[in-house]
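Asks: I would like the atomic coordinates for the input below:
(chains A, B, C and D)
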2 protein chains.
Amino acid sequence: MATTDENRPARPAGRPRSAKAEKAIIEATLDLISESSGISDLSIEAVAARAGVGKTTIYRRWSNKEDLVVDALAVLKAPLPPVSGRSVREDLITYLEVMRREAGDARSRCVMNIVMNEGDRHSRMVERIRQATVRPRQEALEALLRRGVETGELRADLDLPIAMAMVVGTVMWYAKSAGFGEAGADAGSLPETLAERLADHLLSGLTPR
Amino acid sequence: MATTDENRPARPAGRPRSAKAEKAIIEATLDLISESSGISDLSIEAVAARAGVGKTTIYRRWSNKEDLVVDALAVLKAPLPPVSGRSVREDLITYLEVMRREAGDARSRCVMNIVMNEGDRHSRMVERIRQATVRPRQEALEALLRRGVETGELRADLDLPIAMAMVVGTVMWYAKSAGFGEAGADAGSLPETLAERLADHLLSGLTPR
DNA sequence: ATAATACGAAACGGGGCCGTTGCGTATCGG
DNA sequence: CCGATACGCAACGGCCCCGTTTCGTATTAT
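Replies: Here you go, the predicted structure:
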């Protein structure tokens, strides 16, 4: 009978990698990505400096910038909350509320920026991010809208792509516009009641009922 | 009586600057900006190469990258078409049609990308672009919506910021989503009837009437 | 203690782009 | 023709970042 490590992976003798350093690197990467525009602007040296870490420590863990970015963004993948299913309106508000909250966070916002703007330059990476982050949300919203059409809560001739664009686009654009006023200022979070008011306008439309 | 140049600005003797070169530089700049993400990626050397021009020729006209970008983007400022004023629906479709067409053009799209993503890094330049390009459209749309509320064509309790976000955000997001399917492929232009269908969903909402 | 590994710091050669300068040529006015 | 200016081209020194290597030190298992 050996030590307590009997049949565990057998740590490979030597100083173990610092979990703290890894955390600091990921954090620094997220900060710098959200401050920068585009991942081309992101430099490993800047990450190392911000994280208080040697470049060696980064290259020991990730072989290139792309891998680092993917791992860093993976941290942000907050799972979608479950929906009650009681009504389309209620579930829509739930999703809108998630988007409202995320739109107020620079780190979450940069995921969309990357997916939207860097599809050409880093198609493999963006595709990975899309599959992990965007796709599930897209499908959840689509399912909600389809259900609404079936139950009659939504109009029978609903144009699904348009409806999806209305929901997501409106939130995103509202968040962007809110940041326009004060240049650079982050505009922080959006009004508490935004999700509900958005749902109201989206469902009822702009004309009087 | 002197020459025919009597009281004209008196051309400053010497070879005049080539209008063709200037045109080529602007074109190359627009191309490269729309291919690149962020103006940090844009390099003067690349512009010169693409335009078939010496760097000297660029620096002789613009003292820095920012000035060049502003001048280049100014070319895209297609003026807004006049609206008939017959109905809010009709005018809304007119504006949506403009946006649809522009959303299919990479060069026009990059203006919005820049305004949205680079506000922090190049606030002075972005503000100039916003004033020249975004602001007038914003005001035109706002005027249209206000008029609609007054005439009763739009709901009296319309939330203006939300309504604006709905109109613009939906088009933008739809265009983006359309480009998602095929990675890198430009998705070209959007369906002919899009503007009308968008107007219908925006005005009537997602629920049955 | 010793071997193995990780750490931060510093330096390396290489590449890209900066903004400038010099060169030979082309195109204008006088 | 002559002076002036613009042109394309190539080269410059400088900066930043790349990805790698070397160094001295720290932390672990044996």
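Asks: flag the shaky bits of chain A, pLDDT-wise.
Replies: By pLDDT under 70, the weakly predicted segments of chain A are A:1-11, A:180-188.
Asks: walk me through the domains of it.
Replies: A:19-73, A:88-204 (automatic domain parsing).
Asks: which one of those lies closest to chain B?
Replies: Judged by Cβ to the nearest Cβ, the one of the domains of chain A that comes nearest to chain B is domain A:88-204, at 2.8 Å. C-beta coordinates here come from the backbone N, C-alpha and C atoms, glycine included.
Asks: can I get the domains of chain A in TSV including mean neighbour count?
Replies: Converted to TSV, the domains of chain A look like this (neighbours: other Cβ atoms under 10 Å in any protein chain shown):
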stretch	mean neighbour count
domain A:19-73	17
domain A:88-204	18
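Asks: now the ones you listed in JSON lines, with distance to chain B?
Replies: What follows is the domains of chain A, written out as JSON lines (distance: least, Cβ to the nearest Cβ, whole Å):
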{"stretch": "domain A:19-73", "distance to chain B": "4"}
{"stretch": "domain A:88-204", "distance to chain B": "3"}
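Asks: tell me, how many residues neighbour the residue in chain A positioned nearest to DNA strand C?
Replies: Taking Cβ to the nearest atom of the strand, DNA strand C has its nearest neighbour within chain A at residue A:14, 2.2 Å off. Counted by other Cβ atoms under 10 Å in any protein chain shown, the residues lying close to residue A:14 total 6.
Asks: quick one: secondary structure of residue A:136?
Replies: Reducing the assignment at residue A:136 to three states with DSSP: H, G, I helix; E, B strand; the rest coil gives helix.
Asks: mind exporting stretch A:168-177 as CSV, just the C-alpha atoms?
Replies: Listed in CSV are the C-alpha atoms of stretch A:168-177, where the atom choice follows Å, rounded to 0.1, in the frame of the first residue of the first chain:
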residue,chain,number,x,y,z
VAL,A,168,-32.5,40.3,-29.9
GLY,A,169,-31.8,43.3,-32.1
THR,A,170,-33.9,45.6,-30.1
VAL,A,171,-32.2,44.8,-26.8
MET,A,172,-28.8,45.0,-28.4
TRP,A,173,-29.4,48.2,-30.1
TYR,A,174,-31.1,49.8,-27.1
ALA,A,175,-28.0,48.9,-25.0
LYS,A,176,-25.7,50.4,-27.6
SER,A,177,-27.7,53.5,-28.0
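Asks: ok, back up a step: out of the domains of chain A, which is closest to residue B:109?
Replies: Go through these one by one with Cβ to Cβ and the one that ends up closest to residue B:109 is domain A:88-204, at 9.7 Å.
Asks: the closest one: end-to-end distance?
Replies: Domain A:88-204 has an end-to-end distance of 13 Å (criterion: Cα to Cα, to the nearest Å).
Asks: and it, is it in reach of DNA strand C?
Replies: No - with Cβ under 7 Å from any atom of the strand as the measure, domain A:88-204 is seen stopping short of DNA strand C, the closest distance being 12.8 Å.
Asks: tell me if stretch A:15-27 is near DNA strand D.
Replies: Yes - judged by Cβ under 7 Å from any atom of the strand, stretch A:15-27 comes into contact with DNA strand D through A:15, A:16.
Asks: kindly check the end-to-end length of stretch A:110-123 for me.
Replies: This stretch, stretch A:110-123, spans 16 Å end to end (Cα to Cα).
Asks: my bad, stretch A:59-70
Replies: 15 Å.
Asks: quick one: the helices in chain A, in order.
Replies: Counting by DSSP state H, one finds helices in chain A at the ranges A:19-35, A:44-51, A:55-61, A:65-74, A:88-103, A:106-117, A:123-129, A:135-151, A:160-180, A:194-204.
Asks: so which of these comes closest to residue B:189?
Replies: Each of the helices of chain A has some distance to residue B:189 by Cβ to Cβ; the shortest is helix A:160-180, at 15.3 Å.
Asks: and the closest one, what other elements does it pack with?
Replies: The criterion is 3 or more Cβ pairs under 8 Å, 6 or more residues apart in numbering or on different chains; DSSP states H and E, and the helices and strands that helix A:160-180 contacts are helix A:88-103, helix A:135-151, helix A:194-204, helix B:160-180, helix B:194-204.
Asks: which residues does the residue positioned nearest the centre of chain A contact?
Replies: If you average the C-alpha coordinates of chain A and look for the closest C-alpha using Cα atoms, centre = their mean, you land on residue A:108, 4.3 Å from that point. Residues near residue A:108 by Cβ atoms under 8 Å, 6 or more residues apart in numbering or on different chains: A:76, A:78, A:102.
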